[in-house]
Structures are given as C-alpha cells and as structure tokens.
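# A predicted structure for the sequence below; I have some questions about it.
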Amino acid sequence: MNRRIAFRNARLIDPATGLDVKGGLLVENGRIADIGPRLFNDAEPNDPEVIDARGLVLAPGLIDACVHTGEPGAEHRETLASASDAAAAGGVTTMVVMPSTNPVIDEPSLVDFLLRRASATAKVRVAPVAALTKGRLGETMTEIGLLREAGAVAFSDGERTVANSRVLRRALAYAATFDALVMGHAEDPELTAGTSATESEFATRLGLPAAPAIAEAIIVARDLALIELTGARYHFAQISTRAALELIVAAKQRGLPVTCGVAAHHVILNELDVGSYYTFRKVTPPLRSEADRAAMAEGVASGAIDLLVSSHEPQGADTKRQPFAAAAAGTVGLETLLPTALSVHHNGADLATVLRAVTATPAKLLGLPGGTLAKGAPADLVLFDEGEPFVVEADKLHSRARNTAFEGRRFQGRARMTFVGGECVFKRN
C-alpha cells in the first residue's frame, strides 16, 4: 500500500503529546508521516488524496479496553465482524476483546484462532485478553507465559471475580514474573449471587433482589492487598462506586502498580434509569446511586479513573425480554463510547483529558500501537464533530445485537470518519 492522504483544516488533538492546534496531517503507507500547523491549508506535493476536515477534531482512534463478543461459540449474539462494524461507526480502531466466549480463551491455540479470525473478518484491530484461570472457573491459573507469547495483551476472567484468594495470589505472582497485566472484576460473589440491582430504597420498591454497593469495595481492598504482596500490574476493568475509587486512588499514592476503568453506562446512568424494569439497563455491576454516578464522571474528568470503556456485551432478544431478575446482564456500547466521553467534556472536563482515557492511556497500559498522532505511529484516526446532536436509535446501530442502555438518549458529538492503518473503514453520510 502506497496511499497518501492529507488531512487539512482540522483541529488536531493528541493527548499522548499534549498537542491541540489547528493544522493538518499527512498519511503515507498506513502511518503518520507528518503533522502540524503548517499543513493546515496546503496539501503536500505529489498529489495526495486531500480530506478537508472543515474544522472538525482529528484525534487518535479510540481503544476500547473492554469488549465482549460472541465469537467463538455465540455468533448469533455478535461476531468479530459485526462488532468491528459497530466499533468503526463509533470511532473505535482497536477492540480489546475479553475471553468470555465458548470455548473460553484459555489456550494459546485459541488466542491464535482469535487473531487469525480477526485478521480475516474485522475492520478494526483486535487485541485478545486471555483467561486468568482455566475456563474462568477461578480454580487453576492458565499458562500466562505461553498465552502472552501467542498474543494475549492481558489476563482476566471477565465479569467473574476470582473468589479464591490463594488462587489469585499465585496467579498474580506468576503474572508478575512476565510483567503481564491482570484485569480484575470487583464484586464479592457471595454478596452478589442471585442479585440484579444495587441495594437501596428504589430496589426495594421494585422488589428486586439486590446487593450492597460495598460488595465492590470489599474485593478492591482484597485485591489491593494481594497486589502489594506480589507486585503484579493490576487493572480494575470497571469500577462503579466512590468507595472503590477512593481505595484505588490511595493505593496509587502508595506507589502500587494499579489502574482502573469505568463503563460508559456508569458515567451516564444511575439506578433510577432502570425505570419500570427496563432490562436493557440491567448490567454488571448494576447501576448505582446518583452520588456514585457523579463520582465516576468526576473521576474521568480529573484523570483519577484511567480508562473509559464501553463494556460492550451483546445479548439476544430472548435473554433480555424476560423478567428483570431473570434477564441477562449487559449492554452494547461500542458506538456510544465516544459520545459518552464527549458528554463528560460538555459538562466541563478538558477534552484532551477525556480523550486520553480512550486513546493514549489504554495504548500504554496494554502495550498497543496507536493511541497517538506522533510521526511514525499507525494512522488509526477518528474525525469527529464534538457538537453534532443526535438521538440513539437501537435499530440504526451497527452491532448484531441491539440491547443498548441508551435507547432514546440525546448525545452531542459523534464520529464522522474512522481510519485504520490509513484506510477509511467508516464514513457517516
């Protein structure tokens, strides 16, 4: 490929380098060849393809660090191809896919299969996370070294907590020898078993089985103690309470190698949004109080929360259209990750800080290419209008599943064009 593209008349934002200027960007052979104010109006010679950004924001493509798909094993819910369609439409150029498939991604051959399948069918880059324990059962740790050699970027049991502290300690100690990143889920399984809401007056009024919000902080405290013991790099994939965030912030101040993320729906929605048993808003962890929601938004705005993720989890209509307690948890979110980030910005947060949580920080944490507009970096880009208003309509989403928690939600700002390796993979009409 020898394609040359010149973007001009753009607002260039690169959180990795602190760049925020009006200018242009030149792409050659799938990589960023030049960038800066001098390219604002004048295209480079040798007749490159010119894209007039019309003052829109040109930023690194988003890296979504928590994506569940149905492939392999549940392709009726979502395939890598359909998930990548949704990702491209949302400005996401890299999906970090979780091992919660059937079979579970707990063998090097399955990591290799996932990478080959993604290369053949996906429009965007796919980075696989391998299971931390065999079958995600929390009993026997996986071969972290071999899985890492096969291409796994991190290790996690997905939305399952490793309840056995001895197993987790051994897994963390083993991961530390490879400097491998472990991604944990923070919910006490004994407190949350059989529940579907956060314990509160509202849950009581609805008659829903509920667990106390402190179930999250209990596991965070335990995991932090084991991190301090083993020295392993650890990332809480999605927290949802102020109590958990305060524990993590204190641990960072002590120098522990710990980071955390938050799901988009925990930044935008609270427990009251469940309304009259709206199962598309049943998620894991469950929606929290308004005070906790506000703490999550503040954490993203201040940078105390490292990553913002979609926690994209497609579900079929048959598993969602059931009584609330029996319905499957999860919401699709690849296409609404950027609008969620921009909503935090529109509420007063610095745009570069918010974008850092979906570009530079996940790239650094997971050792991924991209996440920056620096010369020589892959030309994974998103061109977006931060002020374009729109309403989320489930039947217009690109995902195979349509179980969005944001149906009817009004957002401001979304992707206009998405590029992966210099190739346009999405253009909004």
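Structure's in. What do you need?
# which parts of the helix or strand residue 411 falls within are buried?
Using DSSP states H and E, residue 411 maps to strand 410-420. Applying a neighbour-count criterion of 16 or more other C-beta atoms under 10 Å, one finds 411, 413-420 buried in strand 410-420. Where you see a C-beta, it was placed from the backbone N, CA and C, and this is true even at glycine.
# Those residues: which two are farthest apart?
The most widely separated members of the buried residues of strand 410-420, counting by C-beta to C-beta, are 411 and 420 (23.4 Å).
# between the buried residues of strand 410-420, which is nearest residue 193?
Of all the buried residues of strand 410-420, residue 193 sits closest to residue 411, with 35.0 Å by C-beta to C-beta.
# Find the residue ranges of the stretch 251-400 of the chain scoring beneath the pLDDT cut-off.
Under the criterion pLDDT under 70, no range of the stretch 251-400 of the chain is flagged.
# Check the stretch 1-150 of the chain too.
Along the stretch 1-150 of the chain, the model assigns pLDDT under 70 to residues 1-2, 40-47.
# tell me which strands and helices the host helix or strand of residue 363 is in contact with?
Assigned by DSSP H and E, residue 363 belongs to helix 360-366. Packed against helix 360-366, as judged by 3 or more C-beta pairs under 8 Å, 6 or more residues apart in numbering; DSSP states H and E, are the following elements: strand 62-67, strand 92-97, strand 307-309.
# Just give me the neighbour total for residue 253.
Look at residue 253: counted by other C-beta atoms under 10 Å, it has 8 neighbours.
# And it, how close does it get to residue 246?
For residue 253, the distance to residue 246 equals 11 Å [C-beta to C-beta, to the nearest Å].
# what's the answer for residue 115, then?
For residue 115, the distance to residue 246 - C-beta to C-beta - is 38 Å.
# Residue 68 versus the nearest residue to residue 340 once chain neighbours are set aside, what's the distance?
For residue 340, ignoring the flanking residues on the chain, the nearest one in space by C-beta to C-beta, 6 or more residues apart in numbering is residue 264 at 3.8 Å. In this view, residue 264 and residue 68 are 14 Å apart by C-beta to C-beta.
# Can you work out which residues contact both of the two?
Contact criterion C-beta atoms under 8 Å, 6 or more residues apart in numbering; residues bridging residue 264 and residue 68 by contacting each: residue 311.
# ok, these two, which is more surrounded?
Using other C-beta under 10 Å as the criterion, residue 264 and residue 68 rank with residue 264 on top: 31 against 24.
# Mind pulling the model confidence for the nearest residue to residue 3 once chain neighbours are set aside?
Using C-beta to C-beta, 6+ apart and skipping the chain neighbours, the partner closest in space to residue 3 is residue 422 (5.9 Å). At residue 422, the pLDDT value in this model is 96.
# can you give me the strands in the stretch 201-350 of the chain?
Counting by DSSP state E, counting those that start in this stretch, the stretch 201-350 of the chain has strands at residues 210-211, 233-236, 258-263, 307-309.
# So for residue 13, which of these sits nearest?
The nearest among these, by C-beta to C-beta, is strand 307-309 at 15.6 Å.
# For that closest one, give me every contacting residue.
64-67, 235, 237-238, 259-264, 267, 300, 337, 340-341, 344, 354, 357-358, 361-362, 365.
# Touching, residue 9 and residue 58? I think so.
No. Assessed by C-beta atoms under 8 Å, residue 9 is found out of contact with residue 58, at 9.7 Å.
# And the two? Which one has more around it.
residue 58 (25 against 18).
# Doesn't that one lie inside a helix?
No. Under DSSP: H, G, I helix; E, B strand; the rest coil, residue 58 sits outside any helix and is assigned strand.
# I'd assumed residue 14 was in contact with it.
No. Between residue 58 and residue 14 there is no contact under C-beta under 8 Å: 9.2 Å.
# and residue 161, how many neighbours?
Residues contacting residue 161 under the criterion other C-beta under 10 Å number 22.
# So it, which state does it fall into?
Under three-state DSSP, the three-state class of residue 161 is coil.
# Now do the contacts for it.
For residue 161, the contacting residues are 138, 184-189, 219, by C-beta under 8 Å, 6+ apart.
# Quick check on it: phi, psi?
phi -90, psi 140 (degrees, to the nearest 10).
# Any idea what residue 332 is bridged to?
Bridge pairing for residue 332 (DSSP bridges) gives the partners residue 404.
# so how many other residues sit close to it?
By other C-beta under 10 Å, 30 other residues sit near residue 332.
# can you list the buried residues of strand 410-420 in JSON lines and add distance to residue 207?
Converted to JSON lines, those look like this (distance: C-beta to C-beta, whole Å):
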{"residue": "411", "distance to residue 207": "32"}
{"residue": "413", "distance to residue 207": "38"}
{"residue": "414", "distance to residue 207": "38"}
{"residue": "415", "distance to residue 207": "41"}
{"residue": "416", "distance to residue 207": "45"}
{"residue": "417", "distance to residue 207": "47"}
{"residue": "418", "distance to residue 207": "44"}
{"residue": "419", "distance to residue 207": "49"}
{"residue": "420", "distance to residue 207": "47"}
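# so which of the residues you listed comes closest to residue 383?
Closest to residue 383, out of all of the buried residues of strand 410-420 and judged by C-beta to C-beta, is residue 417, at 4.3 Å.
# Mind listing residues that contact stretch 26-36?
The list of residues contacting stretch 26-36 from outside it, by C-beta under 8 Å, 6+ apart, reads 1-7, 12, 19, 21, 23-25, 39, 44, 48, 373-379, 381, 419, 421-423.
# Only whichever of these are buried, select them in PyMOL.
Entered in PyMOL, the line below selects the buried ones among the contacts of stretch 26-36, by 16+ other C-beta under 10 Å:
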select buried, resi 4+5+6+7+12+19+23+24+25+39+44+48+373+377+378+379+381+419+421+422
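# State which helix of the chain is the longest.
helix 214-230 (DSSP state H).
# Against residue 334, how distant is the spatially most central residue of the chain?
Note on the chain: the residue nearest the mean C-alpha position is residue 309, at 2.7 Å, using C-alpha atoms, centre = their mean. From residue 309 over to residue 334 the distance is 10 Å, taken as C-beta to C-beta.
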